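Peer 1: Dropping a prediction and its sequence here:
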Amino acid sequence: MASSLLPPLVAPSREKEAPLSGHDGNGPGGGKIDYPRDDRRGNPEPDPDRWATPLGAYRTAALFAIFSVMSIFATLTHVLESRWAHSKDWVSIALPHVLYVNSAVLVASSLTMELARFAASRQKPQQCARWLFATLLLGLAFVAGQLIAWRELIARGLYVASNPGSFFFYFLTATHALHLLGGILALAGVVLFAGRLARKNRQQTAVGVVALYWHFMDGLWLYLFALLLATIQR
């Protein structure tokens, strides 16, 4: 009887229940759960860059455009050389002198583009935007110079259908100018959204992609100009 009235010497042990949910950052059994960045419990605002286009995709698109343009002008070069070598009605044309100025303008635009790329790599967005704007103006000056060259040929009475030489001159220079306009539009976009790109740390990539295409168009023009001197003017 006395032993039944005494309290038990050892209290029965109770196992600690595991939390049912991870409200305190721990999952069932005490394991830590890393919730997604846009989880409403951890971060009420969704991640704005979660679905953004990867930066490498822009470089891939630029390279695809470059190889496409290369294939077009490689075909045109082959057609021009075949027509020039086997033509009996080929008429030589003195190229407008403004084309020499245009070549210098486009080379200068590559220099300003490189200065913009250097400023972007040094995290100087305002200086980068100024050099990009200078490149844009030089690109527009080049297109204006091409229009002057076409007007000069028209003033001489040389039109697209006048002879094979005039046809290839208009066709090659116009095709190059159209592709350069694509680069001008891309450059204008980078200049227009320079502040937003800098805030999102994307300015250096954007400038690098546009610079890659721009330098290619510059080198392509120098090649075409040499080709016109050898075939059209000779």
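Peer 2: Sure, I can see it. Numbering: from 1, shown residues only.
Peer 1: Report the distance from stretch 106-113 to the chain centre.
Peer 2: 16 Å (C-alpha atoms, centre = their mean, to the nearest Å).
Peer 1: now do stretch 125-139
Peer 2: Worked out by C-alpha atoms, centre = their mean, stretch 125-139 lies 15 Å from the chain centre.
Peer 1: again with stretch 145-165
Peer 2: With C-alpha atoms, centre = their mean, you get 33 Å for stretch 145-165.
Peer 1: what does the average pLDDT come to for it?
Peer 2: Throughout stretch 145-165, pLDDT has a mean value of 93.
Peer 1: Also stretch 83-97?
Peer 2: Here the average pLDDT along stretch 83-97 is 83.
Peer 1: What's the end-to-end length of it?
Peer 2: 25 Å (C-alpha to C-alpha, to the nearest Å).
Peer 1: contacts for that stretch?
Peer 2: 148-149, 152-153, 158, 162-166, 168-169, 228-229, 231-234 (C-beta atoms under 8 Å, 6 or more residues apart in numbering). C-betas here are computed from N, CA, C, even on glycine.
Peer 1: Take these and keep only those in helices.
Peer 2: Among the contacts of stretch 83-97, the subset assigned to helices under DSSP state H consists of Ile148, Ala149, Glu152, Leu153, Pro164, Gly165, Ser166, Phe168, Phe169, Leu228.
Peer 1: circling back: I'd like to know which of the contacts of stretch 83-97 are buried.
Peer 2: 149, 152-153, 158, 162-166, 168-169, 228, 231-232 (16 or more other C-beta atoms under 10 Å).
Peer 1: quick one: the strands in the chain?
Peer 2: For the chain, no strands are identified by DSSP state E.
Peer 1: Sketch out the low-pLDDT regions of it for me.
Peer 2: 1-55 (pLDDT under 70).
Peer 1: can we see that at 50?
Peer 2: 1-7, 9-11, 13, 15, 20-23, 25, 27, 34-41, 44-52 (pLDDT under 50).
Peer 1: And the helices in it, which stretches?
Peer 2: Using DSSP H, helices in the chain cover 2-5, 55-85, 98-121, 125-155, 164-192, 194-199, 203-228.
Peer 1: Please state the offset of the fourth one from the chain centre?
Peer 2: Distance of helix 125-155 from the chain centroid (C-alpha atoms, centre = their mean) equals 19 Å.
Peer 1: Could you check the angle that helix makes with helix 203-228?
Peer 2: 20 degrees (axes from the mean of the first three to the mean of the last three C-alpha atoms, to 10 degrees).
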